[in-house]
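Asks: Here is my input; please provide its structure:
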Amino acid sequence: MTPAGYKRLALLLGILTLALAAVGSVATVRYAQLRLRLMLADEQTRIFEEMRLRALKADTSEALDCLQYAWHYYPSGTKQVAGSRLDRMVEQARASAAREIVAHLRAKTGKDYGDGPEDWLRAYGRD
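Replies: Just a heads-up that it's a prediction; the model follows:
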């Protein structure tokens, strides 16, 4: 191979190395972001479960506090990218916890302010 050929090969290998380094850096950053979002989603869903369990053992006032906390705890688009798969999973967990707390409140109070947490919170002046 001629000296010019070696120079071209070295340049090509240098460019390839830089491209691979860039791709690796982007992948590392995206992986770190995903891990962070997963940790946040885990925290959020654990909070909802904690509020649900606490509400099911509580009196009406404390159950309403749990409902309010779970319903307003970092709404969609704050800790997760709005509309993302993780956001949908978190919001599904929130809705499920709220639904169970509302069912508990309905059974405990004998009243029916609807299925939505907002209706119950508004009825008790906690919106």
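Asks: Which of the helices or strands spans the residue most central in space within the chain?
Replies: Compute the mean C-alpha point of the chain, and by CA atoms, centre = their mean the closest residue is residue 41, 3.6 Å away. Assigned by DSSP states H and E, residue 41 belongs to helix 3-56.
Asks: list the helices and strands that helix packs on?
Replies: helix 60-72, helix 85-109 (3 or more CB pairs under 8 Å, 6 or more residues apart in numbering; DSSP states H and E). (Glycine included, C-beta is placed from N, CA and C.)
Asks: Same list, these, but as JSON lines with distance to residue 2, mean pLDDT and mean neighbour count please.
Replies: Formatted as JSON lines, the helices and strands packed on helix 3-56 follow (distance: least, CB to CB, whole Å; pLDDT from 0 to 100; neighbours: other CB atoms under 10 Å):
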{"stretch": "helix 60-72", "distance to residue 2": "71", "mean pLDDT": "97", "mean neighbour count": "19"}
{"stretch": "helix 85-109", "distance to residue 2": "54", "mean pLDDT": "97", "mean neighbour count": "18"}
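Asks: Could you dump the ones you listed into a markdown table with distance to residue 78 added?
Replies: A markdown table is the format used below for those (distance: least, CB to CB, whole Å):
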| stretch | distance to residue 78 |
| --- | --- |
| helix 60-72 | 11 |
| helix 85-109 | 10 |
